[in-house]
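1. Here is a sequence with its predicted model. Questions after.
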Amino acid sequence: MRTRNQPHGTTQLEVYVDQSYPPAELARIIEDLQRKYSDREDGYFVQINCDAGNTTTHNNNRLATAKFAVGKLGAARTGLDVGEHEITEVLGAKCPPDLPTSTVSGPSAQDVIDAVVAAGLPATDPRDNSAGICSNAGRVQLITTDEFSVYQFPDLASVERWASTYPSRYVHGTIMLRFTESGSAPTDPALIPQYDAVLDQLMAAGG
């Protein structure tokens, strides 16, 4: 579990956990925060999020919200009695979240990475970032490398909807290759046609 450091005077707190917890454990988390902030005489509002990537912008990864009152100011701010806390679980929230499943047969994002490596093309430090964003964005799998990323979508409608948001990409079926055009590590433009060709060959072979 980790707590995001907040500036002094901030009453919004964020806690990140790597699994779902029963109500008694959630209560202990809030009680620990009450002790940590016991010298501030205020009221605090807490988000308990699943630590699976970029959870701060995706409410589907929020497991619970809570509030607690330390002193009289906190009681006035939260509507609770001094020393009291209240926790509201998000029904159906899971940590890690469930990922979508594909309705179209074909290779996975990992299959694409394996094919790129087999072709001798750069795919440095591949990491599976699916859990962080895929459940909230309609994606089945996301594999990121230093040179490019591979997105697998559950159906053709999803890939068409999301592909338009990325300026440098190549799409075949439900797979999208996303390339980086700027920043500290842009994709080598000379390699992009080769990455595209690997995906085309994999699709033609049926994965």
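-> Sure, I can see it. Numbers count the residues shown, from 1 in each chain.
2. and F153, how far is that from Y44?
-> For F153, the distance to Y44 (CB to CB, to the nearest Å) stands at 39 Å. For the C-beta atoms, the positions are set from N, CA and C on the backbone; glycine is no exception.
3. Between these two, tell me which one has more neighbours.
-> Ranked by neighbour count (other CB atoms under 10 Å), F153 and Y44 place F153 first, with 29 against 24.
4. Spit out the contact partners of A109.
-> Residues counted as contacts of A109 (CB atoms under 8 Å, 6 or more residues apart in numbering) are 140-143, 150-152, 175.
5. Include pLDDT and secondary structure when you put the residues you listed into TSV, please.
-> Listed next are those as TSV, based on pLDDT from 0 to 100; DSSP: H, G, I helix; E, B strand; the rest coil:
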residue	pLDDT	secondary structure
V140	76	coil
Q141	84	strand
L142	88	strand
I143	91	strand
V150	93	strand
Y151	91	strand
Q152	89	strand
I175	92	strand
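6. In PyMOL, how would I select the buried members of those?
-> Buried residues among the contacts of A109 (16 or more other CB atoms under 10 Å), as a PyMOL selection:
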select buried, resi 140+141+142+143+150+151+152+175
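7. just the contacts of A109 now: which is nearest A190?
-> In terms of CB to CB, no member of the contacts of A109 lies closer to A190 than V150, at 19.2 Å.
8. still on that earlier bit, of all the contacts of A109, which comes closest to K72?
-> Where the contacts of A109 are concerned, and distances follow CB to CB, K72 has its nearest neighbour in L142, at 47.8 Å.
9. Centre of the chain to the host helix or strand of S149, how far?
-> Using DSSP states H and E, S149 maps to strand 148-152. Strand 148-152 has its average C-alpha position 15 Å from the chain's average C-alpha position, going by CA atoms, centre = their mean, to the nearest Å.
10. neighbouring contacts of whatever helix or strand V198 lives in?
-> With the criterion set as DSSP H and E, the secondary-structure element containing V198 is helix 192-204. Counting contacts by CB under 8 Å, 6+ apart, the residues outside helix 192-204 that touch it are 106-107, 111-112, 115-116, 119, 121, 148, 168, 170, 172-173, 175, 177, 179.
11. residue ranges with poor pLDDT in this protein?
-> For the chain, residues meeting the criterion pLDDT under 70 lie at 1-9, 52-60, 97-105, 131-139, 183-184, 207.
12. how does it divide into domains?
-> Under the assignment named as automatic domain parsing, the residue ranges that make up the domains of the chain are 2-89, 109-204.
13. okay if I get these as CSV plus distance to P96?
-> Compiled in CSV, those are given as follows (distance: least, CB to CB, whole Å):
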stretch, distance to P96
domain 2-89, 5
domain 109-204, 5
